[in-house]
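Novice: Next comes the sequence, and after it the predicted model I'd like to discuss.
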Amino acid sequence: MDASSVSALACGQRIISVANLDEARRRAHITSSQGPTRDGRPKPDVAAPGTEILAANGFGDPAEPWISMTGTSMASPYVAGVVGLMLAAEPNLTAAQILGILKATAQPLPGGTYEWVNDCGFGVISPEACVAAATRASLRRDVKGRFS
């Protein structure tokens, strides 16, 4: 049986695939797609808050300017914001470096490991760790261990 539910768009070779994290329950939300991709690659990459997110109600009643929303459509902008902060800290990051940092700094859910899992990827995004790693991305060490 095919258990993969990651959408075709989230299966791209050079994209960041995001799982919808239910922070209150400390697990992937039931509506979040799961991997791997149909060709066996590990997607999603990371999980980010996406459950019951307070958002602007742009198409609703003007008397109700805010709405609670759930989905990867809420989690993905969170990750995009973190990537923006990373690029502000180090504008020369490549896409490969960004994805590598996101994966390497992700934190496992309680009881989890640092290995990829089908519902939350490599873990929960850690914004502070991502930005800190981005600032170190262009540092080079010479053979004697000094940074340049």
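Specialist: Great, that's in hand.

Novice: drop to CA atoms for contacts and neighbour counts, all remaining ones
Specialist: Noted.

Novice: what's the next secondary structure element after the worst-scoring helix or strand of the chain on mean pLDDT?
Specialist: The helix or strand of the chain with the lowest confidence, counting by mean pLDDT, DSSP states H and E, is strand 27-28 at a mean of 90. Moving toward the C-terminus from strand 27-28, the next helix or strand (DSSP states H and E) is strand 46-49.

Novice: How far off centre is that following strand?
Specialist: Shown here is strand 46-49, whose average C-alpha point lies 5 Å from the average C-alpha point of the whole chain (CA atoms, centre = their mean, to the nearest Å).

Novice: and if you look at stretch 12-20?
Specialist: Counting by CA atoms, centre = their mean, stretch 12-20 comes out at 8 Å from the chain centroid.

Novice: 16 is where my numbering starts, stick with that
Specialist: From this message on, residue numbering opens at 16, which makes the last subject stretch 27-35.

Novice: and it, how far apart are its ends?
Specialist: End-to-end distance of stretch 27-35: 18 Å, with CA to CA, to the nearest Å as the criterion.

Novice: And Leu24, how far from Arg41?
Specialist: Here Leu24 is placed at a distance of 26 Å from Arg41 (CA to CA).

Novice: what about the two, which has more around it?
Specialist: Taking Leu24 and Arg41 together and counting by other CA atoms under 10 Å, Arg41 has the greater number of neighbours (12 against 9).

Novice: Can you show me the strands along the protein?
Specialist: Under the criterion DSSP state E, the chain contains strands at 33-37, 42-43, 61-64, 68-71, 81-84.

Novice: how about the ones you listed, which one is nearest Ser91?
Specialist: Set against Ser91 and scored by CA to CA, the strands of the chain come closest in strand 33-37, at 5.9 Å.
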